[in-house]
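J.: Give me the fold of what follows.
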Amino acid sequence: MTELNRFLAAALCTFPVLSALNAQNYKKGNPSDPGNYSYLDEYKALKEYIDYEKYPNFKVGIAISADEYLNTSNKTVYNLTNDNFTEVVTGNDMKMASCVRNDGTMDFNTVTKFVNKATSNGLRVYGHTLGWHAQQPIGWLKSLIKDKDPDTSLCDTTVYTVMSSKDFTKNKSVGWHASESDFGYTLTFDGNGLKIHTTRKAANFWDVQYIVMDNIPTVKGEIYKVSFTYKATGTGTLRAKLGDWSAGTVQNFSLSTSWQTVTKTYNNAVANSFLLCQSGDFVGDIWIKEIKVEKRTKGIKTIGQDGKTTVEFPAPVKLTAKEKKDTLIYALDKWVKGIMTATDGKVKAWDLANEVISGGNPDQYGFYALQHNNGSESDFFWQDYLGDYDYITVLVRLARKYYAQVMEKHGGDDGQLKLFINDYNLESDWDNNKKVESLVRWIKRWEKDGITKIDGIGSQMHISYYMNQGTLDSKKRAIENSFRIMAKSGKLVRISELDMGMVDSNGNDVPTNKMTEEMHRRMAAYYEWIIQKYLEIIPPAQQWGICQWCATDSPSNSGWRADTPVGLWTLNTFYRKHTYGGFARGLWTGTTYNAPISDDGDDECNIYDLKGLKQYIPFEQLPAGFYIVNGQLNYKQ
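T.: As a prediction, the model looks like this:
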């Protein structure tokens with residue numbers, strides 16, 4: 001394996017391998033605890049609980065990765081998705097940075113394969129997302145609107161000048177990095193800058209890797225110098241790659257116990273790079289205080305009266321605001337046309353824009369402003385350049401234009417394209433649902449031209465169950481109110497990214513391994529309540545459906561709600577959880593159940609009805625019907 005391929009392989013091999021033994025577990029409750037979970041064996045697939053006569057437009061969805069669904073060696077996720085859901089969305093694969101490289105080239109191969117496979121299995125694919133400030137090809141976008149190169153025809157010398165730098169005593173940030181828990185290292189900051197503390201030698205030096213600088217505006221084929229100021233607790237090697245996941249140059253920096261500044265030359269750069277370090281074969285501490293990236297710059301050499309030589313550099317030509325706006329509209333046009341062509345009209349609904357409302361900076365009427373540049377190097381806010389109004393109206397125009405263009409070969413535009421604005425905290429109780437009210441107001445502003453049309457609202461609902469009853473009641477009131485506000489808007493309403501954690505009575509998040517049976521059952525009842533309230537409050541004509549964001553609980557090294565019981569199935573083993581039952585009961589009838597949800601755990605006999613609700617009266621006093629008694633199906637005459 002070449003040096004370059006080691007970097008690439010380590011970057012790609014980040015998903016856990018699923019055991020083929022779990023292929024059918026997703027249809028069962030946990031067999032190790034039949035008294036509490038065997039009732040789930042009797043449940044049908046989730047999509048079978050939807051009353052399509054009453055709710056004809058309702059879709060039950062799941063978020064997965066395209067690679068998991070397309071995995072031919074293990075079809076657990078593939079089968080689970082096809083069996084239980086009517087709609088599917090990829091968490092990351094259809095975002096711009098996943099398809100557009102930092103040199104502007106586009107690769108939709110995975111997207112096309114996924115869409116074709118899912119739709120051939122009868123699933124609807126929901127597109128996430130056309131516009132967002134995160135996960136953008138920032139290097140390419142910034143290169144499009146950078147200052148124009150100056151006239152260098154009179155220059156007579158070339159020197160190296162700093163183009164990018166980072167002082168880790170002040171800028172305490174890193175980019176993507178390998179799992180710290182898996183490979184026994186931590187990334188922290190102290191007075192010396194970035195500290196890499198490694199407790200054990202990894203199997204491969206590339207196992208411990210971390211992006212220390214990103215979005216460096218390198219030019220393809222150019223030569224650069226990179227300087228590290230660093231020290232360590234011993235001798236060894238720090239490897240640093242300037243490039244991207246597919247190409248670049250690696251240089252070795254020797255470690256010692258003294259502070260040193262070492263400069264290396266990097267030839268034949270790629271367009272727009274990151275700087276990725278690897279140190280898996282070193283045990284101890286490495287400190288990086290500062291990094292500088294220098295480029296070759298042409299200038300005019302002059303000799304002063306004192307005999308000293310100085311170099312003057314011609315000034316670059318700055319783009320106007322209009323030039324930047326027009327250039328970025330070109331970039332949006334290229335992106336939207338590309339993704340619409342790749343999906344071939346098979347994706348009928350999209351998040352047009354994601355997370356646009358700021359949650360702050362209210363106007364004179366108390367409505368929130370849109371999000372704008374917050375100083376983060378990893379975000380790119382289109383509205384900073386296109387404006388709050390044109391950002392959305394341009395996206396709508398492009399989406400409808402290229403969807404219709406693609407549909408020409410399928411008999412013409414079918415009018416089925418639906419565009420949503422998707423956002424989080426729309427169920428906020430701390431501001432009396434001001435964020436969702438602000439979103440509704442912004443939609444009215446965007447649609448004032450009589451041409452722009454936004455079809456729906458997506459409410460992410462990354463929520464928690466609260467064991468404190470007062471807090472829970474407040475959250476419930478806000479959820480109901482958000483549903484009423486969205487229903488009143490007349491727009492389609494979609495719960496777009498539903499997942500749930502647990503907060504104990506002291507206000508602490510509860511990790512998965514600390515969950516009690518009572519907590520699990522309370523979460524199930526909360527799922528049931530939320531889904532029933534959606535079906536009750538949102539008129540059927542406005543219902544788009546509900547998408548569960550996490551199929552399984554989150555692993556401890558996850559970048560999303562790590563070690564949190566967010567799933568409907570257990571992590572790795574894929575057994576149904578009580579939340580699966582709660583989700584199914586919510587879909588079933590829309591009828592509210594008032595049975596107790598606590599579990600004292602001391603009963604000699606555990607009795608549940610076929611809805612999974614525990615019975616708190618003796619078996620002989622129950623009405624006639626089927627019950628699960630200590631994990632066994634019984635009929636009470």
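
J.: just for the chain, where's the confidence low?
T.: Along the chain, the model assigns pLDDT under 70 to residues 1-23, 589-605, 610-614, 616-617, 626, 630-637.

J.: Would you tell me which strand is longest in it?
T.: strand 284-303 (DSSP state E).

J.: Name the strands paired with that one and say parallel or antiparallel.
T.: Strand pairing for strand 284-303, determined by DSSP bridges: strand 157-167 (antiparallel), strand 193-198 (antiparallel), strand 224-232 (antiparallel), strand 309-312 (antiparallel).

J.: Contacts for the third one, please.
T.: I take that to be strand 224-232. 160, 163, 192, 218, 238, 240, 242, 251, 253, 255-266, 269, 275, 282, 284-296 (Cβ atoms under 8 Å, 6 or more residues apart in numbering). Glycine gets a C-beta too; all of them are placed from N, C-alpha and C.

J.: The helix or strand following that strand - contacts with which helices or strands?
T.: Using DSSP states H and E, the helix or strand that follows strand 224-232 towards the C-terminus is strand 236-243. Helices and strands touching strand 236-243, by 3 or more Cβ pairs under 8 Å, 6 or more residues apart in numbering; DSSP states H and E, are strand 224-232, strand 248-255, strand 273-278, strand 284-303.

J.: can you do 10 Å?
T.: Strand 236-243 sits against helix 3-12, strand 209-216, strand 224-232, strand 248-255, strand 260-266, strand 273-278, strand 284-303, with contacts defined as 3 or more Cβ pairs under 10 Å, 6 or more residues apart in numbering; DSSP states H and E.

J.: Need those in JSON lines (columns: mean neighbour count and distance to Met340).
T.: Written out in JSON lines, the entries for these read as follows (neighbours: other Cβ atoms under 10 Å; distance: least, Cβ to Cβ, whole Å):
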{"stretch": "helix 3-12", "mean neighbour count": "16", "distance to Met340": "27"}
{"stretch": "strand 209-216", "mean neighbour count": "21", "distance to Met340": "27"}
{"stretch": "strand 224-232", "mean neighbour count": "20", "distance to Met340": "37"}
{"stretch": "strand 248-255", "mean neighbour count": "18", "distance to Met340": "31"}
{"stretch": "strand 260-266", "mean neighbour count": "15", "distance to Met340": "38"}
{"stretch": "strand 273-278", "mean neighbour count": "25", "distance to Met340": "29"}
{"stretch": "strand 284-303", "mean neighbour count": "18", "distance to Met340": "37"}
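
J.: Figure out which of those is closest to Val503.
T.: Smallest distance to Val503 across these (Cβ to Cβ): 31.2 Å, for strand 209-216.

J.: Enumerate every residue touching Lys488.
T.: Neighbour list for Lys488: 440, 542 [criterion: Cβ atoms under 10 Å, 6 or more residues apart in numbering].

J.: go on, Lys113?
T.: Counted by Cβ under 10 Å, 6+ apart, Lys113 has contacts 66-67, 69-70, 342.

J.: which residue ranges form the strands in the stretch 301-450 of the chain?
T.: Ranges of strands in the stretch 301-450 of the chain, per DSSP state E, counting those that start in this stretch, are 309-312, 349-354, 418-423.

J.: Most tightly packed of those strands?
T.: Sort these by mean neighbour count, taking mean count of other Cβ atoms under 10 Å, and strand 349-354 sits at the top with a mean of 26.

J.: Need the strands paired with strand 284-303 in CSV (columns: distance to Glu518).
T.: Output for the strands paired with strand 284-303, formatted as CSV (distance: least, Cβ to Cβ, whole Å):
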stretch, distance to Glu518
strand 157-167, 48
strand 193-198, 39
strand 224-232, 49
strand 309-312, 73
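
J.: right, and those strands - which one's nearest Leu187?
T.: Among those, the nearest to Leu187 by Cβ to Cβ is strand 193-198 (6.1 Å).

J.: Figure out how far the closest one is from the centre of its chain.
T.: Centroid displacement of strand 193-198 relative to its chain, using Cα atoms, centre = their mean, to the nearest Å, is 27 Å.

J.: Check stretch 350-357 too.
T.: Relative to its chain's centre, stretch 350-357 lies at 13 Å (Cα atoms, centre = their mean).

J.: How about stretch 496-506?
T.: 17 Å.

J.: Restricting to C-alpha, output it in CSV.
T.: Output of stretch 496-506 as CSV, limited to C-alpha atoms (Å, rounded to 0.1, in the frame of the first residue of the first chain):
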residue,chain,number,x,y,z
SER,A,496,-37.6,15.5,9.2
GLU,A,497,-34.9,14.2,11.6
LEU,A,498,-36.7,12.8,14.6
ASP,A,499,-34.5,11.2,17.3
MET,A,500,-34.6,11.2,21.1
GLY,A,501,-32.3,11.2,24.1
MET,A,502,-32.9,10.9,27.8
VAL,A,503,-32.4,13.6,30.5
ASP,A,504,-32.6,12.5,34.1
SER,A,505,-34.4,14.4,36.9
ASN,A,506,-31.2,16.3,37.6
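
J.: tell me which residues in it are buried?
T.: By 16 or more other Cβ atoms under 10 Å, the buried positions in stretch 496-506 come out as 496-503.

J.: Check stretch 453-467 too.
T.: 454-467.

J.: quick revisit: dump the strands of the stretch 301-450 of the chain to TSV, plus distance to Asn30.
T.: Formatted as TSV, these follow (distance: least, Cβ to Cβ, whole Å):
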stretch	distance to Asn30
strand 309-312	71
strand 349-354	35
strand 418-423	34
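
J.: the strands in the stretch 51-200 of the chain, which residues?
T.: With DSSP E, counting those that start in this stretch as the criterion, the stretch 51-200 of the chain has strands at 59-64, 87-90, 124-127, 157-167, 185-190, 193-198.
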